[in-house]
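>>> what would the 3D arrangement of this be:
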Amino acid sequence: MRLDKWLWAARLYKTRSLAAVAVDLGRVRVNGQSVKPARELRLGDQVSLRHGAGMGRTVVVLGLSAIRGPAPVAQTLYRETTDSLAARERAAQQACLAPEPAKALTDGRPTKRERRKLDRASDRWQRWSASIDRR
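The predicted structure is shown next:
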């Protein structure tokens with residue numbers, strides 16, 4: 001069975017074309033080797049996937065299916081390795097401990113209101129203007 005078809009049937013990618021693109025970009029490896037989308041997949045093969053921002057998972061092929069069935073059936077086609085599960089758990093914990101992205105909004109450029117407050121609060125602060133420098 002083709003690798004891209006299996007990735008689609010196992011619901012690891014939403015469409016077969018997305019699976020084929022991921023394989024072509026080198027984000028999918030079978031038994032540690034770079035492969036093409038048409039590679040024949042066999043039972044017991046170890047498939048390594050990289051999704052998004054470094055999130056990876058390694059699965060072992062337990063079954064082959066040419067059709068995309070319901071999610072509970074698709075989950076029986078593979079088993080995720082214990083190392084992969086542990087790594088994903090660590091990544092999830094680190095994401096919880098990471099700083100809030102919205103916090104950067106308060107640390108960025110001042111808003112118009114904040115800029116006016118700075119202008120009023122500081123006599124030294126003056127805006128640069130080309131007309132003032134031309135004397």
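
>>> quick check, pLDDT for residue 134.
Residue 134 is assigned 54 on the pLDDT scale.

>>> quick check: residue 47 is in a strand.
Yes: the assignment for residue 47 (DSSP: H, G, I helix; E, B strand; the rest coil) places it in a strand.

>>> name whatever forms a beta bridge with it.
Taking DSSP bridges as the rule, residue 47 bridges to residue 30, residue 59.

>>> could you pull out the helices in this structure for me?
3-9, 16-24, 71-74, 82-97, 103-107, 112-121, 130-133 (DSSP state H).

>>> just the CA trace of the fourth one, in PDB.
Extracted C-alpha coordinates of helix 82-97, given in PDB (Å, rounded to 0.1, in the frame of the first residue of the first chain):
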ATOM      1  CA  THR A  82       6.400   5.200  24.100                       C
ATOM      2  CA  ASP A  83       9.300   7.500  23.400                       C
ATOM      3  CA  SER A  84       7.100   9.600  21.100                       C
ATOM      4  CA  LEU A  85       4.300   9.800  23.700                       C
ATOM      5  CA  ALA A  86       6.700  10.900  26.400                       C
ATOM      6  CA  ALA A  87       8.200  13.600  24.100                       C
ATOM      7  CA  ARG A  88       4.800  14.900  23.200                       C
ATOM      8  CA  GLU A  89       3.900  15.000  26.800                       C
ATOM      9  CA  ARG A  90       7.100  17.000  27.700                       C
ATOM     10  CA  ALA A  91       6.300  19.400  24.800                       C
ATOM     11  CA  ALA A  92       2.800  20.000  26.100                       C
ATOM     12  CA  GLN A  93       4.100  20.700  29.600                       C
ATOM     13  CA  GLN A  94       6.700  23.200  28.300                       C
ATOM     14  CA  ALA A  95       4.000  24.900  26.300                       C
ATOM     15  CA  CYS A  96       1.900  25.400  29.500                       C
ATOM     16  CA  LEU A  97       5.000  26.900  31.200                       C
END
